[in-house]
Each structure stands twice: as structure tokens, then as C-alpha cells.
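Participant: Have a look; sequence and predicted model below, questions after that.
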Amino acid sequence: MNESPRHAVVAGAGIGGLTAALALHRHSWKVTVCERTAGPAVAGAGIVLAPNALRALEAIGFDAGRAAGRAAPAAMGVRRPDGSWLVRADTAALTARYGRPPLAVHRAAFAGALADSLPAGALRYGTAVTGVDTADGRTVVRTDAGDLPADLLVAADGIHSPLRRRCFPDHPGLRYSGETAWRTVLPAGGPALPGAFETWGRGRRFGAVPLSDGRVYAYATAVVPEGHRPADVLGELLDRFGDWHDPVPALLGRFDPGAVLQHDLHDLAAPLPRLHDGRTAWIGDAAHAMTPHLGQGGCQAIEDAVVLARLTADADQVPTALAAYTRARLARTDAIRLRARRAGRLSMLSNPLAVAARDLAVRLLPAGAAQRALDDLYNGFTLPEQPE
């Protein structure tokens, strides 16, 4: 072991990057997080921390309840535009099966709790990582504010990761899923929701998740050409969803167009050949961008971060530990990426006969089958053995 603390530079202060920094810090690394924006990188909408992500956070001693509160949605499920349920599960059943319920939280609040757990001075806003130099047997992280010597670079620089493009120039990059998404968080004070729901129509989805502080995370998606940006956001959403079941119209009536985020949904067109290169490791969207149809994008970033810190905790040979990281994470994350893509294709169906067949198949699922289908996601996280 080195006598002086090893230094890890984390490129990106999103949820994955912040979790990686905290996990590494708790494994005795000195950490520096470089975030290219002038302030906190995580804004806007909500995230549901599934049981696998909560288990990973518990492994590094982080209490997600500080950010999310102790409340979880009373129930969650999938509905049709007329309001009928296709499938539904209550929190008690999820807790009994997975040991903990999912927690819904505002992303910015969760990221803030992670950032507050880092040592003073670890976060450097307005600092972009521009490259890494491994000449002369040393690793130097290049930033637009100067060079940083490092033992490890964590590339958590997002779905458009410049570090990924620089290291894997022949990779095909991102694939447009065919959907765009609108997301917002509604203030507390509106009608109470009995639980979380997602409603599937013909090439359209609408979802709402109550947060523990009384706010509501609401989102909508539609199959549109890439780059579609309506001039009248609220009018577009009302045209698409205004005649759906309650409380969809009431929720839409509370939308502030200026607070609605719109992003086209992309995933990685193909897996990376590996999740590391020398002393650089990729995590989260930079490593395996996936569509949100399983709610696992942020959760897998958290898993990545905790596994990476575990494998590098006592490893003097960082490249060897990072090869173990690739072995531990590549197959799982790519399988989930592909599964999310398949789930998206189901929810995006627009042909009336295909939609009817889909809805009937989901409705006729045997009791408990929907939950069992999540077992490998929610129970699939394990901490690997540390390398010798």
C-alpha cells in the first residue's frame, strides 16, 4: 500500500460521479471531482432509487433516507389511458421481496446530500477534464484549470462522454430510441396521489411519482422525430394527454412550461469493448447509457461507483483492479441496457392491434410474475471480492 493517500480524479458531478467520489473517499482515497458547469450538475426532475441502488449505497454507509425521506410510494403500477390498471404492486409486497422499498427523491436533493458528504474542497465547479496523459509511467489528468496528477481517473462525464469518444473513437456512439421525454417536478399542494403510476397509450406514456416532501415527479414521452421541440410545450402535452384518466389532466394543469425539461432518449448503440483503459474507468451513462424504461440508469451508475471503489480499495495495481471492474460490471450493465431497450419498444407501440395484444398480455400475467421479473435487477447487485 502507498503511504500517502492515493488520488482519484472524478470527471463529472452527476449522481454516478458523486457516488464514486464518496465511495472512494470512504475507502481512503483522496478525491477531486471536476465538474464543467459552474454549479451543481444535477437539476430538475426526480429519480426512484430501486432496492439494488439502496443496497449499494448502504454498502458505503450512505443513508439515502436523508435525501429521500423514509416514505415510499404506497403503490406503483401501469395503467391504460382510461385509468384501468394493467399491473400493480404495493410497497409492502416489494419490501417483503427485496428487503426495502424503492425511494422516490428529487435528483438535486439526492445529489446535494452526496456532495455534502464529501470532504471540503473535493468539488471543483467550472473545471472540465479535457484528457489524460499516461506518458513516462505517470498519469496526469488534463483540465482547463491545470493538470492534476492522479492514480485513477473516473470518467463520469455523462451520456455524451468526451472521454469515451476520445478513448474509443471507433465505437458507434449513441442511438436515438425514437422517443422524446418531458420531465418536471410539481410543487407540493396539489391533489394527493394514491401511488406512483405510468400510463401506456399508443406511442405515448405519462407517469407520476409522489416524492416524500409532497412534491410530484411527473414525466411524459412520445414517439417523435429526433430534435422535435414544440413551441408550445403545454399545448403539445395537453393535445397528447389531456383526455387521459384522472389525475393526468389535473397534473398537466399544474405544469410550468418554463420548468419542463425535454430530452430525446438515447442509449449506447453497442457495448464498449471494456469499461476501463489503463487507469481510467467509465461509469454510469458514460459507460452504458440506457433508456429509462426500467428506471435503472442512475441505479446502475450507483452500483458501478460502489463496485469500483470496492475493487480499488486495497489494490496497489490500479490497472489490474480496473480489469476486475470490467469483468464485474460489463455483462450486467449491458444486459440491463438491452432489456431497457426491449421494454421501451413495448411501451412505444402505436399500432392498435399491437397495443391491444400488449395490454392483454400484461393484464394476464400471473400474480407475482411482474415482481419475479424484477428479481435479477433488484437482487442482482453483489459486492465482488477484492483482488489479491
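Facilitator: Arrived safely.
Participant: Please count neighbours and contacts with C-alpha atoms only from this point.
Facilitator: Noted.
Participant: what ranges of the stretch 1-150 of the chain fall below the confidence cut-off?
Facilitator: 1-4, 43-44, 67-74, 137 (pLDDT under 70).
Participant: so where do the helices sit in it?
Facilitator: Assigned helices in the stretch 1-150 of the chain, in chain order: 15-25, 51-59, 65-68, 91-98, 107-116 (criterion: DSSP state H, counting those that start in this stretch).
Participant: what does the first one contact?
Facilitator: Right, the one you point to is helix 15-25. Contacts with helix 15-25, where a contact means Cα atoms under 8 Å, 6 or more residues apart in numbering, come from 8, 10-12, 30-33, 42, 60, 111, 114-115, 117-118, 154-157, 283-284, 298, 301-302, 304-306, 308-309, 313.
Participant: Kindly recompute the last result at 7 Å.
Facilitator: The contact list for helix 15-25 (Cα atoms under 7 Å, 6 or more residues apart in numbering) reads 10-11, 31, 60, 111, 114-115, 117-118, 156, 283-284, 298, 301-302, 305-306, 309.
Participant: Drop anything exposed from the residues you listed.
Facilitator: Neighbour counting with 16 or more other Cα atoms under 10 Å marks 10-11, 31, 60, 111, 114-115, 118, 156, 283-284, 298, 301-302, 305-306, 309 as buried within the contacts of helix 15-25.
Participant: so of those, which ones are in strands?
Facilitator: Val10, Ala11, Val31 (DSSP state E).
Participant: Closest one to Leu360 out of those residues, please.
Facilitator: Ala11 (45.5 Å; Cα to Cα).
Participant: My read is that the closest one contacts Val129, right?
Facilitator: Yes. Using Cα atoms under 7 Å, Ala11 makes contact with Val129 at a distance of 6.0 Å.
Participant: Overlap in contacts, these two.
Facilitator: Joint contacts of Ala11 and Val129 (Cα under 7 Å, 6+ apart) are Cys34.
Participant: Spit out the contact partners of Val129.
Facilitator: Shown in contact with Val129 (Cα under 7 Å, 6+ apart): Ala11, Cys34, Arg142, Thr143, Asp144.
Participant: Let's see if you can find the most crowded of these.
Facilitator: With neighbours taken as other Cα atoms under 10 Å, the top of the contacts of Val129 is Ala11, carrying 30 neighbours.
Participant: Contacts only, for it.
Facilitator: Per Cα under 7 Å, 6+ apart, neighbours of Ala11: Gly17, Val33, Cys34, Glu35, Val129, Val154, Ala155, Ala156, Asp157.
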